[in-house]
Structures are given as C-alpha cells and as structure tokens.
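[1] Starting from these lines, generate the structure:
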Amino acid sequence: MARTRRFFWGWSLALWLIAIVLTVSVTPRTVLRYTQWRELRRETAQLQQELIALQVQERTLQEELRRVQTDLGRESLARQRGWIRKGEEPLRINP
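    Predicted structure coming up:
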C-alpha cells in the first residue's frame, strides 16, 4: 500500500511539474500572439475606416467627373477657374 501511494505521489508530482513547465513555456508565446492579434485587429479597423473614406471620396469624384463631362459642366468649371469667353469682358468690383 505504501509503495502504491509513493508511486502515485511520484507520478502526480511529475505530471504537475510537466504542467508547470508547459504553462511557463507557452505563456509568453500566448501573450505575444494575443498582442499581435489585438494590434492587427486595431490596424484592420483603421484601414476599414480609411477605405470607407476613400470610397466616399471616389463617389464624389465620380459625380464631379460626370458633371464636368457635360457642356454646361465644362463651362461652369471654366468660369470657376476665371476663364471667360472670347469677346466677354471681365467684371471687376472694387470694394
């Protein structure tokens, strides 16, 4: 009986030591992986926000392009840039 108890105690101690060694050796890698995962998750969220902003900008530019491709749109853009037609005289208002 004493021998069985001593045998069980020895195996129990060995298993506990193995569990402790595995826990200590795996923990830093787990923390590193978790840290990398959090960083990637934050970066992904930031990139998704940038993507949404770029998509909005793309839509705005597409609308501007469609507007400028018409005759009226071209004339409007030219007038915004200060161009005038041949024969027109610019109107200057002095404050």
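[2] what about residue 78, how many neighbours?
    For residue 78, the tally of surrounding residues (other C-beta atoms under 10 Å) stands at 13. In this view, the C-beta of every residue, glycine as well, is placed from N, C-alpha and C.
[3] residues of the host helix or strand of it that come out buried?
    Secondary structure assignment for residue 78, by DSSP states H and E: helix 71-80. Within helix 71-80, no residue counts as buried by 16 or more other C-beta atoms under 10 Å.
[4] got the CA positions of it in PDB?
    This file holds the C-alpha atoms of helix 71-80, laid out as PDB (Å, rounded to 0.1, in the frame of the first residue of the first chain):
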ATOM      1  CA  ASP A  71     -21.100  71.100 -71.900                       C
ATOM      2  CA  LEU A  72     -22.800  73.000 -69.000                       C
ATOM      3  CA  GLY A  73     -20.400  71.400 -66.500                       C
ATOM      4  CA  ARG A  74     -17.300  72.300 -68.500                       C
ATOM      5  CA  GLU A  75     -18.400  75.900 -68.800                       C
ATOM      6  CA  SER A  76     -19.200  76.100 -65.100                       C
ATOM      7  CA  LEU A  77     -15.700  74.600 -64.300                       C
ATOM      8  CA  ALA A  78     -14.000  77.100 -66.700                       C
ATOM      9  CA  ARG A  79     -15.800  80.000 -65.100                       C
ATOM     10  CA  GLN A  80     -14.900  78.800 -61.600                       C
END
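[5] Can you spell out which helices and strands pack onto it?
    helix 2-68 (3 or more C-beta pairs under 8 Å, 6 or more residues apart in numbering; DSSP states H and E).
[6] what angle do the helix it packs on and helix 71-80 make?
    Interaxial angle of helix 2-68 relative to helix 71-80 (axes from the mean of the first three to the mean of the last three C-alpha atoms, to 10 degrees): 90 degrees.
[7] Go through the helices and strands of this protein and name the one with the lowest mean pLDDT.
    helix 71-80 (a mean of 86; mean pLDDT, DSSP states H and E).
[8] Not counting its own residues, what contacts that helix?
    With contact meaning C-beta atoms under 8 Å, 6 or more residues apart in numbering, helix 71-80 is reached by 66, 67, 68.
[9] how far does that helix sit from the chain's center?
    Computed by C-alpha atoms, centre = their mean, to the nearest Å, the chain-centroid distance of helix 71-80 equals 38 Å.
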